[in-house]
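> what's the 3D shape of this:
(chains A and B)
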Amino acid sequence: MPAADDSKRKAARETIDILHEISTLLNTNLDRQSLSYCVSLIENGVNPEALAKLIKELRVQNARYEAERGGEAASVA
Amino acid sequence: MAHATTIAELTEGLIGSATNIPKDHSLFESLKDRAVKQLRDTSRGRTNPFEVNERFSGLIEKFGVLNRDDLGEALESSLDLLPKTRWTPEFLSLLLQLTDRPWEHSRTEDLGQLTSPLTPPAELTWEEIVADDPLTEDDIWNDVERGYHSSGDDVAVDDHSHSEPTTSTQATSCNDGDFAALAPLHVVLPDANLLNEVRSARQALSKDGSSNGMEVQSELTLIREVLSMLHGLPTYVFDVDPVNRAVGITKRITSITASDIVVHDVLVQFAEVGTRLNFVRQWLLGKQSKAHLQSVQAALQQSMTLLDSQLMDLERRYAQPQYDYIVSLVDVRRYVEDLARPMIRLSEIIASEASSGVVEKSPFALLDLLYEESCIAQMVGDDQLLALIARALLAGLRTYLRPVLSWSISGTLPSGDGEDFFAHERQTDCDLGEVWHEQFALRLLPDGRVCTPGMMRPFVEQLYTMGKSRTFIKLLGQRSEYETVGFTGDLGTLDFVSFTRCLDTSPLLPFDQLLRATLTDWMATLSPTTGISVQTLLIDGLLRTMNTLDYVFLGRDGMLLQAFAEPLFDRMRRLPKTWDDSFLLTRLAQSTLGTTPGVDAHCINVGITSGSKIISTAPLLQQLGHLELTYAISWPVQNVTRSKDLLTYTAAFTLLLQVEVAAHLLRSQLFDIRKLESGCRSLAPVLQMALRLRTRLLWFLGTLRAHIATTAATLSHELSVRLQAAEGIDAMGEIWTNHDKRLKSCLLLSTGMTPIRSAIAGILALCESLADAWPLLLNGATASQAAMGMSENFNKSLSFVSAGLRGVGRAGGEPMLEALAESLQYHGG
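Down below sits the predicted model:
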């Protein structure tokens, strides 16, 4: 039923909004989209500790990748 | 698999949003693989929500300590607003693990950026519209022609009168409430042309044609007229007599497909059928006062309705033919005659019943006729006729049996229809002792038969007795089990469906036998299963009363009899003029005969026979003949004995008393012999003769006494056995009557025994004479002729008695009289 789906979507949106507020207050550096992916993963049974560990590792990898790219750009210039 | 795919997709999305690594980069793939593997690990347990709450509480407290109350409050309010789901602890746990010194870096102003309201879109203004599409055209302000808008929203009100309306557009485009305009469009109008033929046929029929000419009509028209007539409706071809509903033909009609004679003959036959059906219809409309006839009417009305519907099926064949038929009047006649045959036979039965005379007519004459017809129909195998007749019969019989059931269960006569019931109340204030025989009686017809349907006659006696038994039981203060449990009886098997089932399984079983068996089974359900029946309630009292009578009247206990007799004799001798005081005699009897266990002394009464007068100078035995001992028996026993006076027993007691007096008088003489001189060795011949006579007289009295005792004991025992085996008061009454007759005969009290009884009375008188003459005989004052005379008298009387008894015993087949005769003959010499 469309009305039920709308209310579900609205509830999910509200949850994401409030979690985003908490995330911002706690300075987790998670943007809304990443937070949505995290919520979906948790709802699919992913362990939050494992997920937190993954996010930290991704940030490290991302920093390394940015550093490598920055070094390559400097060398090209 | 789907779950793994979902995880992989979400992980890919997370990596894409959390990092800037492009998807086609090798690092992305390796990261994704590692991440998926890592995330699939489910070895870790669920998040502890209490721990999460504690950490948040700790964090909020820390915010307060670190002077970041704004953060604490904002966090607290966000936590309160967060919807509580299954995964909420997990979400919060994730955020706690990713938190990075919020008291230093977080600002509540950042929240404003997250939840800033969306700006509504700018409203469209006329300036913008004009800017897009300037109003410069000349005809822009001209009137718009109707019909320009093709959206269909406008009501095309003016069009429907010109164009052919179509139901669909009109229905969807009409205003609410315009149903009057819609309704005619949904009515299917018949094609009026189809009836033209019927109208013209009717017109032709309704014209008064010339008396000489024959009207020619089609067979279909004639069939239509015939079927209308058979339904009892007015037609043009047939006319109906208003009095007797007889059907006649008004016109000379013929058809081109058949000859005049055939058409006329067939129409006459139809008229006959119509007459019979009208007769039945007229009878069905008549008011019947009797309930069973109303039930018969109702059943036959259903059958008539069925016949009408079958005639309608015939009509439908011509009005809505499913396939081609040949329209044939003769064929319709054959069909109708077969259909109406049972009704025609029923009309004959009803006519026969109505024509029988009133005087000898039974109120159940119709039921009897239906019963006979059912038996015949079943025997010849006419199932159609049997179905019609038997249904009506059984419906009437069921109604008739309802008051019968009430009578059988509670002894209550019906109030409304009572004048036809087989039992009626003969005496309303009947003496209790006559209730069984006098209160009710069978109602008889003038010809002497019981007023009941013929099929019920074999059961009438039983039903009559059942009802009387219930009344009797009620008078005894008992309630039958049916009244206690509210039994309503079951007439369920007395319907045609059950009968049909039985006849299907046993087709050779005659109808009357089946009905009789069903009625027998039904009556068996009316008999109470518990022990309360009239005979059960009566038998104890009856046997007690019989036992009492043996003790009181027949001297079963000789000592008690002697205890009564000797004071009585003494009183008679001492007070010859006043010994017959009833009160004193009654007290004497109650204090002697009434002392037996089981005897109610207050029921004993002694008096003098009404109309007789005691002569004080008469012989004792003669005076004793006027003494009357009575015993008051209870009213239930009176219904068996049919009399409160036990004349036979009273007469037997008197005889017994006379024998006792005679023996008493003779016994006391023995002591006188001792007064003779002791030296006397031989007695005078007169005295010898007297002694011999005395001995013989005593022997005679002893034999008679023994005969009375034996007879009483034997007959009493037989009576007791027969009473216990008796079924019902009528059988008990018959047994009692036979016993009384036999007792009378054996004790020589019956009218036929008068000569023998007189001879015995003579012998008893002889005893008294001898007793009176004894003192004179002892003194030698009396001559020997007197003694010889007495002896001769005795011999004569004895011979007469024994011969008479022998003859009566052989003629009547009474062994006890024969035994007495033998005793008197062989031992009396």
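
> now B:L764: how far from chain A?
123 Å (CB to the nearest CB, to the nearest Å). Using the backbone N, CA and C atoms, a C-beta is placed for each residue, glycine as well.

> which element, helix or strand, includes that residue?
helix B:754-779 (DSSP states H and E).

> what's downstream of that helix, the next helix or strand?
helix B:784-812.

> per-residue confidence at B:L39?
On pLDDT, B:L39 comes in at 88.

> next up, the contacts around B:E225.
B:L205, B:T235, B:Y236, B:V237, B:F238 (CB atoms under 8 Å, 6 or more residues apart in numbering or on different chains).

> so, low pLDDT: which residues of chain A?
A:1-4, A:76-77 (pLDDT under 70).

> can you pull out the strands in chain B?
Assigned by DSSP state E, chain B shows strands spanning B:215-216, B:238-240, B:247-249, B:253-254, B:423-425, B:440-442, B:604-608, B:627-631.

> need the least confident one among those strands, by mean pLDDT.
strand B:215-216 (a mean of 78).

> okay, now the residue nearest to B:A441 when sequence neighbours are not counted: neighbour count?
Once flanking residues are discounted, B:A441 sits nearest to B:R426: 4.4 Å by CB to CB, 6 or more residues apart in numbering or on different chains. If you count neighbours by other CB atoms under 10 Å in any protein chain shown, B:R426 ends up with 13.

> per-residue confidence for B:R426?
86.

> so it touches B:E438, yeah?
Yes - if you go by CB atoms under 8 Å, B:R426 and B:E438 touch, sitting 6.2 Å apart.

> sorry, back to before: can you put the strands of chain B in CSV and add mean neighbour count and distance to B:S643?
Converted to CSV, those look like this (neighbours: other CB atoms under 10 Å in any protein chain shown; distance: least, CB to CB, whole Å):
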stretch, mean neighbour count, distance to B:S643
strand B:215-216, 15, 86
strand B:238-240, 19, 68
strand B:247-249, 18, 68
strand B:253-254, 20, 82
strand B:423-425, 17, 22
strand B:440-442, 17, 19
strand B:604-608, 19, 16
strand B:627-631, 22, 11
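
> and of these, who's closest to A:L35?
strand B:238-240 (99.1 Å; CB to CB).

> so which elements touch that closest one?
strand B:247-249, helix B:260-285 (3 or more CB pairs under 8 Å, 6 or more residues apart in numbering or on different chains; DSSP states H and E).

> how about a cut-off of 6 Å?
When contacts are defined as 3 or more CB pairs under 6 Å, 6 or more residues apart in numbering or on different chains; DSSP states H and E, strand B:238-240 packs onto strand B:247-249.

> same for the strand it packs on, what does it pack against?
strand B:238-240, helix B:260-285.

> would you mark the buried spots in the last one?
Read it as helix B:260-285. Residues of helix B:260-285 classed as buried: B:263-264, B:266-267, B:270-271, B:273-281, B:283-284 (neighbour count, 16 or more other CB atoms under 10 Å in any protein chain shown).

> and for stretch B:802-820?
In stretch B:802-820, counting by 16+ other CB under 10 Å, buried: B:S802, B:G804, B:L805, B:R806, B:V808, B:G809, B:E814, B:M816, B:L817, B:E818, B:L820.

> so what would you say the end-to-end distance of it is?
End-to-end span of stretch B:802-820 (CA to CA, to the nearest Å): 8 Å.

> chain center to it, what's the gap?
55 Å (CA atoms, centre = their mean, to the nearest Å).

> what's in contact with that stretch?
Here stretch B:802-820 makes contact (CB atoms under 6 Å, 6 or more residues apart in numbering or on different chains) with B:H707, B:T711, B:C746, B:I756, B:A821, B:L824, B:Q825.

> ok, now stretch B:650-663?
Contacts of stretch B:650-663 (CB under 6 Å, 6+ apart): B:553, B:555, B:565, B:569, B:620-621, B:624, B:628-629, B:701, B:704-705, B:708, B:747, B:749, B:764, B:767.

> returning to what we had before: okay if I get the strands of chain B as a markdown table plus distance to B:S303?
Converted to a markdown table, these look like this (distance: least, CB to CB, whole Å):
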| stretch | distance to B:S303 |
| --- | --- |
| strand B:215-216 | 35 |
| strand B:238-240 | 21 |
| strand B:247-249 | 20 |
| strand B:253-254 | 31 |
| strand B:423-425 | 33 |
| strand B:440-442 | 34 |
| strand B:604-608 | 69 |
| strand B:627-631 | 65 |
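
> tell me which residue is most central in chain A.
A:S34 (1.9 Å; CA atoms, centre = their mean).

> in which helix or strand would I find that residue?
Using DSSP H and E, A:S34 falls in helix A:32-43.

> tell me the helices and strands packed up against the longest helix anywhere in chain A.
Ranked by residue count under DSSP state H, the longest helix found in chain A is helix A:48-76. Counting contacts by 3+ CB pairs under 6 Å, 6+ apart, helix A:48-76 packs against helix B:26-40, helix B:88-98.
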